[in-house]
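Trainee: Got a sequence here, can you model it:
(2 chains)
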Amino acid sequence: MIVPVNVVLALSAVLFGIGAFGFLARRNIILMLISVEVMLNAVNVSLAGFSRHLGDLRGQVLALFVIAVAAAEVGVGLGLVIALNRNKPGAAVGDLTKLKW
Amino acid sequence: MLSRIYPGSDYFLLAAIFYYMAAASVASALLAVTRRNPVHSMLWVLALFLHVAGIFLLLGAEFLAAVQVIVYAGAILMFYLFVVMLFDLPAEEVRPRFGNHWPFAAAVGLGFAGLAWIARAGAGAASAEAEVAVERVPQGNLRAIGTALFGPFVLPFEIASLLLLAAIIGAVVLARRRAA
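Mentor: Numbers count the residues shown, from 1 in each chain, chains lettered A, B, ... in the order given. From the prediction side, this is the model:
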């Protein structure tokens, strides 16, 4: 490997932290979903790093499944966003208080 | 990869490219979660996806890099951009980007990163062995991945296709305009 596997794992950890921060801090539902994508990418980086480090292709196969799940998540998540937008224009999660009483 | 053609000679070049990719992906991830305009966020996350694809290439995962570009940068991001441009989001420009709880969110993000860094110890004495591990990666990445996908992983593969079918139907049902 051209760099120690620790560097790859550190990169993955930092990206995951940024994604978790974005998911919790942003108030726009679309950007929250984008932060989830950042987290999934971080996990894929660590899977590819481990795959290279251990000389085991199963990590890359697992990363392919992660990408498939990400595609499914985007489809359903953005479908929900469109349905929400029809009931109440805008994408701010703070406005979604219909179930509150 | 270059190092297979010129063994050893461009070690530092490849390492430098890796560190550039890593720094650029961290920077574009940070920009993606902090920009006010959603379209700018999308473009920064596109930069993140392309740099991560470069990291996959450097890690010897050529097929994963291609899938990353085609599926993430091509399909998923286009879907996001489509939805963002479908919406009229004037309020985004004036409202605060982050909730009042953003220091808590930053603490959680740092905590997750720290946890992942601690958990890496479970990977064993990594850095010492990493230099020799490279030879164990089978060449012909695509053939090996195809064999794995249709061999030991055929059941998860079929389940993934079923999941995608369910997601397609779910998205159509959710986003369809009700005839009322």
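
Trainee: tally of neighbours for residue 96?
Mentor: No chain specified, so I'll use chain A. 14 (other CB atoms under 10 Å in any protein chain shown). C-beta: built from backbone N, CA, C; applies to glycine.

Trainee: think we crossed wires, I meant chain B
Mentor: 10.

Trainee: which phi and psi does it have?
Mentor: Main-chain torsions, residue B:96, degrees, to the nearest 10: phi -60, psi 140.

Trainee: Nearest residue to it in space, please, no chain neighbours.
Mentor: residue A:27 (7.4 Å; CB to CB, 6 or more residues apart in numbering or on different chains).

Trainee: count of neighbours near that neighbour?
Mentor: Count around residue A:27 with other CB under 10 Å applied: 19.

Trainee: In terms of pLDDT, where does it sit?
Mentor: At residue A:27, the model reports a pLDDT of 85.

Trainee: who touches it in this structure?
Mentor: Contacts of residue A:27 were listed using CB atoms under 8 Å, 6 or more residues apart in numbering or on different chains, and they are A:92-94, B:95-99.

Trainee: Separate out the buried members of those.
Mentor: B:97-98 (16 or more other CB atoms under 10 Å in any protein chain shown).

Trainee: could you say which helix or strand contains residue B:155?
Mentor: Taking DSSP states H and E as the criterion, residue B:155 maps to helix B:154-175.

Trainee: Output the contacting helices and strands for that helix.
Mentor: Packed against helix B:154-175 by the contact rule (3 or more CB pairs under 8 Å, 6 or more residues apart in numbering or on different chains; DSSP states H and E) you find helix A:58-87.

Trainee: Is any residue of the helix it packs on near chain B?
Mentor: Yes: shown here: helix A:58-87 in contact with chain B (CB under 8 Å from any CB of the partner chain) through A:58, A:60-61, A:63-65, A:67-76, A:78-83, A:85-86.

Trainee: Show me the strands in chain B, by range?
Mentor: Ranges of strands within chain B: none, based on DSSP state E.

Trainee: What subset of the residues of helix A:58-87 next to chain B is buried?
Mentor: The neighbour-count test (16+ other CB under 10 Å) applied to the residues of helix A:58-87 next to chain B identifies A:60-61, A:63-65, A:67-68, A:70-76, A:78-83, A:85 as buried.

Trainee: if we can go back for a sec, show me which of the contacts of residue A:27 is closest to residue A:32.
Mentor: Each of the contacts of residue A:27 was checked against residue A:32 using CB to CB; the closest is residue A:93, at 7.1 Å.

Trainee: mind listing what that closest one touches?
Mentor: Neighbours of residue A:93 in contact, by CB under 8 Å, 6+ apart: A:27-29, A:32.

Trainee: mind redoing it with 6 Å?
Mentor: A:27, A:29 (CB atoms under 6 Å, 6 or more residues apart in numbering or on different chains).

Trainee: Ok, residue A:51 next?
Mentor: The contact partners of residue A:51, taken as CB under 6 Å, 6+ apart, are A:59-60.

Trainee: what about the helix or strand containing it, distance to the chain center?
Mentor: For residue A:51, the enclosing helix or strand under DSSP H and E is helix A:29-54. Put simply, helix A:29-54 sits 6 Å off its chain's centre (CA atoms, centre = their mean, to the nearest Å).

Trainee: and the direction of it versus that of helix A:58-87, what angle?
Mentor: 180 degrees (axes from the mean of the first three to the mean of the last three CA atoms, to 10 degrees).
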